[in-house]
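Visitor: Sequence and computational prediction follow.
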Amino acid sequence: TAAGDVLLTGIHYPGWSDGGNEAFVYYLDSTGTIKGYHGYADLEGQDVVEGLDRKWYVGGKGLGGNVNNRAVLLKSDTTGQEIWRRVLPDYGQYTSLIPLRDSNLVGLGSTGDGVVGGYSLVIKYDTAGEVVWRRDLLQSDDQERASRFHAGYESLDSSLVVCGWLSRSDTQTKGTVVKLDKDGEVLWSRLYSHIEVGGVLPWQMFWDVKPTSDGGLVLTGEANSDDYPYGQLWLLKLDSLGCLVPGCNTVGMVEVVTDLQGRLSVSPNPASDQVRVELRCPEGFSPQGAVRLLLVDVDGHVFSRQVMVNNLDRHTVTVDVRTLLSGTYFVHLADQKRWLAGTKLVVE
């Protein structure tokens with residue numbers, strides 16, 4: 001909070017079969033000493049924040065009756081007195097709340113949980129609990145796994161960066177990152193997949209995202225499979241456009257493969273004549289259609305477009321850089337659906 005205190009929320013089950021289940025807010029000082037406890041009936045708390053109005057906002061999902069498994073947001077004063085409560089009509093939940101510099105609030109989560117056709121949800125409320133705008137994005141067709149935005153932040157320009165996952169019944173779950181302007185319009189959207197020996201892992205989830213001092217962002221999450229007895233931690237550092245390598249937006253692909261970088265070779269580098277580019281695909285991974293190379297400069301101008309030659313698991317091409325000005329360029333490889341890999345190339 002502005003005063004340096006800490007708010008915690010969750011769920012209290014005084015007796016599951018007897019009812020009375022409630023969200024709680026613990027109010028602690030900076031040393032961890034409990035200053036207060038407040039309960040809010042028929043709600044499972046997922047996140048709590050203090051707004052600029054110094055009121056508390058608690059988000060989660062309803063419990064029992066006609067609010068069961070529906071996204072719920074409530075506003076409370078610091079004594080625990082509920083001021084208002086808003087319940088969405090569709091199944092879902094809020095997993096994260098973002099207090100905004102304009103005194104309003106954004107809720108992140110999902111709608112349509114447990115039914116086919118659910119969405120990742122971003123919704124903006126004013127301090128009176130009125131919806132300013134709502135965006136249902138990245139629709140899932142999987143009844144068992146909802147698509148969801150799990151975390152996000154407000155940038156200095158009032159845009160929003162949010163992350164989570166997209167679930168599809170016919171493919172793996174993909175990590176998602178979306179940037180929206182202050183009015184909720186999508187500026188860019190990316191889907192991320194992690195490759196494992198034997199194919200693409202079916203569970204790919206981003207759990208948190210934070211801004212970095214260079215204008216980019218860093219994500220944490222997990223990538224794992226039912227075929228393996230473990231989950232892999234997932235850490236990505238991206239630029240301001242959601243790219244692993246600058247200029248990925250010029251390729252025109254929304255889907256991004258995150259870990260073929262070690263299988264890409266560009267030689268020689270630096271170069272002044274011709275450059276040989278090779279991508280070695282791991283066992284079980286097949287590009288979807290021909291692999292294309294794009295060479296762009298730091299401003300995103302495209303200087304070369306070529307189709308790579310496929311020989312078993314290797315894709316190769318030779319790029320002539322003799323006519324290029326000295327400087328930094330970026331190599332990008334993509335198939336018909338996904339950005340696959342990229343790296344920096346220095347031309348002397």
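Guide: Perfect, I can see it now. These numbers come from a predicted model, not from an experiment.

Visitor: Would you map the helices across this protein?
Guide: Counting by DSSP state H, the chain has no helices to list.

Visitor: lowest confidence element among the helices and strands of it?
Guide: strand 199-200 (a mean of 56; mean pLDDT, DSSP states H and E).

Visitor: Centre-most residue in the protein?
Guide: Cys163 (1.9 Å; C-alpha atoms, centre = their mean).

Visitor: Check what pLDDT it gets.
Guide: For Cys163, the model assigns a pLDDT of 98.

Visitor: wait, what's in contact with Ile11?
Guide: 21-24, 43-45, 60, 63 (C-beta atoms under 8 Å, 6 or more residues apart in numbering). For the C-beta atoms, the positions are set from N, CA and C on the backbone; glycine is no exception.

Visitor: again with Val87
Guide: Applying C-beta under 8 Å, 6+ apart to Val87 gives the contacts 62, 67, 70-72.

Visitor: Find the pair from these with maximum spatial separation.
Guide: Val67 and Ala71 (9.5 Å; C-beta to C-beta).

Visitor: Which one's more surrounded, the two?
Guide: Between Val67 and Ala71, Ala71 has the larger neighbour count (other C-beta atoms under 10 Å), namely 27 against 16.

Visitor: What separation is there between that one and Arg86?
Guide: To Arg86, Ala71 is 9 Å away according to C-beta to C-beta, to the nearest Å.

Visitor: So, low pLDDT: which residues of the protein?
Guide: Along the chain, the parts satisfying pLDDT under 70 run over 14-20, 114-116, 142-144, 170-171, 196-201, 225-230.

Visitor: hmm, back to that, list just the nearest of the contacts of Ile11 to Gly327.
Guide: Closest to Gly327, out of all of those and judged by C-beta to C-beta, is Gly60, at 51.6 Å.

Visitor: What about that closest one, how many residues nearby?
Guide: Using other C-beta under 10 Å, Gly60 has 25 neighbouring residues.

Visitor: Dump the contacts of Val87 into TSV; add distance to Asn310 as well.
Guide: Shown next, in TSV, are the contacts of Val87 (distance: C-beta to C-beta, whole Å):
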residue	distance to Asn310
Gly62	53
Val67	55
Arg70	50
Ala71	47
Val72	53
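
Visitor: now, which of these lie within strands?
Guide: 62, 70-72 (DSSP state E).

Visitor: possible to save those as CSV with distance to Ser30?
Guide: Formatted as CSV, the ones in strands among the contacts of Val87 follow (distance: C-beta to C-beta, whole Å):
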residue, distance to Ser30
Gly62, 32
Arg70, 35
Ala71, 31
Val72, 29
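
Visitor: Return the member of those residues nearest to Gly342.
Guide: When the ones in strands among the contacts of Val87 are compared for distance to Gly342 (C-beta to C-beta), Ala71 wins out at 38.2 Å.

Visitor: quick one: that closest one and Gly107 touch, right?
Guide: Yes - using C-beta atoms under 8 Å, Ala71 is in contact with Gly107, at 7.4 Å.

Visitor: Overlap of the contact sets of the two?
Guide: 59, 94, 121.

Visitor: I'd say the second one and Gly107 touch.
Guide: Spelled out, that is Tyr94. Yes - between Tyr94 and Gly107 there is a contact under C-beta under 8 Å: 4.5 Å.

Visitor: which neighbours do the two share?
Guide: 59, 71, 73, 121.

Visitor: tally of neighbours for the last one?
Guide: Counted with other C-beta under 10 Å, the neighbours of Leu121 add up to 29.

Visitor: Give me the distance between it and Asp335.
Guide: According to C-beta to C-beta, Leu121 and Asp335 sit 31 Å apart.

Visitor: cool, and Tyr91?
Guide: Tyr91 is 36 Å from Asp335, by C-beta to C-beta.

Visitor: how about the strands of the stretch 151-300 of the chain, start to end?
Guide: Applying DSSP state E, counting those that start in this stretch to the stretch 151-300 of the chain gives strands spanning 160-166, 174-180, 186-193, 195-196, 199-200, 203-211, 217-224, 231-238, 255-257, 264-267, 274-280, 292-297.

Visitor: With distance to Lys35 as extra columns, can I get these in CSV?
Guide: Formatted as CSV, the strands of the stretch 151-300 of the chain follow (distance: least, C-beta to C-beta, whole Å):
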stretch, distance to Lys35
strand 160-166, 31
strand 174-180, 36
strand 186-193, 41
strand 195-196, 47
strand 199-200, 48
strand 203-211, 27
strand 217-224, 30
strand 231-238, 35
strand 255-257, 45
strand 264-267, 54
strand 274-280, 57
strand 292-297, 55
